[in-house]
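> Provide a 3D model corresponding to the input given below.
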Amino acid sequence: MFTLQDLMAWSGEGLEKASFDFHCAAGKYKNLNDELIDVNNSKLSGAFAESEMRTRRAIADDAMDLYSGCHKIESDLTEASKAVKELSRQANDIFNLICAAGGRLTTDGNVYDADQNYKVNVDHIYKSGRNLWEGISDANQKLNAMVALCIRKAKDIVNFIDGVYNEIIQLNKKAKGAKASVLNWNQRPSSSWDVEEVNDWWTSRSPQEQIDIIKNKSDWIRNLDGIPCSDRHKANIMYLRNKYISINNEMSLIMRKNRPPFTLNEEKRLTELSDMKQPLDILQKISLFQSAMRKSTLFSIKNHSIIR
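Numbers count the residues shown, from 1 in each chain. Next up is the predicted model:
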């Protein structure tokens, strides 16, 4: 439970220092990412070279995630520090008003006037929301309401800071590194993996491996948490394109082999295929599949080159 005295002494300097620490950490992770990208492993070959690149790609991606996370936490802590300083200023202003009105502030944070032991129900006043001052004519009640509002703001700030601390805990999990078993996995991602493990597996793949999976094994990743949204989108488009081609091929095969009249089973299957094809025809008309059919272009983290 906060008192006005607590808020008057709350400086926010600790939050400001923590924000600067995360600013420095973000810079270090960004530098680490750049250094890992620029590593030249041309002297390595075979399975050893591939293992080294997979590990490095996963670490570089984690470093970038940590950079982004630290940068956000830095910003959040800066905002929290500003909010604390402003709240402390308001608390001191209220205290000066109390003193000027001849009132007194007790250790439990309640305002009493000089002549009577009276205090207002601050919870009731706060719940009045936008109409905080309506119906409050007594100066003592107004001061109590101002104190209550300050304390509520402090609780909101603390809740926000709690959320930032939870972000720090989650960020710490990213710093533990990827498992070798995940990096060396060359099959469909395991259903037992968590989101971080899926992401480590994907980011450790070479650009060419990612292209191959998107084109030929799109069902592996198209609805898988942990895969970047842009890559899931590409995989979904490729999946729908392949589905569209498959439907057209099956319909053509039935119609070439068995010209009308068709059997009941053939008519039923053609109707099913036509229903499946209808929404895909719309995507075809807006050229979505054509864009997916173009050669995929990805950026190589190894030598900053375009891989097609």
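> show the contacting residues for the most centrally placed residue in the chain.
Centroid-nearest residue in the chain, with CA atoms, centre = their mean: residue 69, separated by 8.9 Å. By CB atoms under 8 Å, 6 or more residues apart in numbering, the residues touching residue 69 are 167, 170-171, 174. Where you see a C-beta, it was placed from the backbone N, CA and C, and this is true even at glycine.
> now which of these would you call buried?
Buried members of these, counted by 16 or more other CB atoms under 10 Å: 171, 174.
> JSON lines for the contacts of residue 69, including distance to residue 45, secondary structure and pLDDT?
Output for these, formatted as JSON lines (distance: CB to CB, whole Å; DSSP: H, G, I helix; E, B strand; the rest coil; pLDDT from 0 to 100):
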{"residue": "167", "distance to residue 45": "42", "secondary structure": "helix", "pLDDT": "92"}
{"residue": "170", "distance to residue 45": "38", "secondary structure": "helix", "pLDDT": "85"}
{"residue": "171", "distance to residue 45": "36", "secondary structure": "helix", "pLDDT": "85"}
{"residue": "174", "distance to residue 45": "31", "secondary structure": "helix", "pLDDT": "70"}
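> which one of the contacts of residue 69 is nearest residue 224?
residue 174 (18.3 Å; CB to CB).
> measure the closest one to residue 53 for me?
Distance of residue 174 to residue 53, given as CB to CB, to the nearest Å: 20 Å.
> any buried residues in stretch 53-68, and which?
53-67.
> now the end-to-end length of stretch 41-48.
10 Å (CA to CA, to the nearest Å).
> sorry, that was for stretch 177-192
Stretch 177-192: ends 18 Å apart by CA to CA.
> list the contacts of it.
Counting by CB under 8 Å, 6+ apart, 51, 54-55, 58-59, 62, 193, 197-198, 200-202, 204, 217, 220-221, 224, 226 sit against stretch 177-192.
> so of those residues, which ones are in helices?
51, 54-55, 58-59, 62, 197-198, 200-202, 204 (DSSP state H).
> flag the least confident of the residues you listed.
Lowest pLDDT among these: residue 51, with 82.
> how near is that residue to residue 240?
35 Å.
> more neighbours: these two, which one.
Taking other CB atoms under 10 Å, residue 51 and residue 240 do not tie; residue 240 has more neighbours (19 against 15).
> centre of the chain to the helix or strand the residue nearest to the centre of the chain falls within, how far?
In this assignment (DSSP states H and E), residue 69 forms part of helix 46-100. Taking CA atoms, centre = their mean, to the nearest Å, one finds the center of helix 46-100 at 13 Å from the center of the full chain.
> tell me how many other residues surround residue 8.
19.
> once you drop chain neighbours, what's closest to it?
residue 91 (4.6 Å; CB to CB, 6 or more residues apart in numbering).
> for residue 14, give its distance to residue 230.
Shown here: residue 14 relative to residue 230, a distance of 39 Å by CB to CB.
> these two: which has the busier surroundings?
Between residue 14 and residue 230, residue 14 has the larger neighbour count (other CB under 10 Å), namely 12 against 8.
> what about the more buried one, which helix or strand?
Residue 14 belongs to helix 13-37 when assigned by DSSP H and E.
> just give me how far that helix sits from the chain centre.
Taking the mean of its C-alpha atoms, helix 13-37 sits 18 Å from the chain's own mean (CA atoms, centre = their mean).
> so how far is residue 47 from residue 158?
For residue 158, the distance to residue 47 - CB to CB - is 52 Å.
> next one: residue 234
Taken as CB to CB, the span from residue 234 to residue 47 is 28 Å.
> which parts of the stretch 151-300 of the chain are strands?
298-299 (DSSP state E, counting those that start in this stretch).
> report the buried residues of stretch 24-40.
Residues of stretch 24-40 classed as buried: 25-26, 29-30, 32-33, 36-37 (neighbour count, 16+ other CB under 10 Å).
> how about CSV for the residues you listed, with distance to residue 247 and pLDDT added?
Shown next, in CSV, are the buried residues of stretch 24-40 (distance: CB to CB, whole Å; pLDDT from 0 to 100):
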residue, distance to residue 247, pLDDT
25, 52, 94
26, 49, 95
29, 47, 93
30, 47, 94
32, 48, 91
33, 43, 89
36, 44, 87
37, 42, 83
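> out of those, which comes closest to residue 106?
Minimum distance to residue 106 across these is 43.1 Å, recorded for residue 25 (CB to CB).
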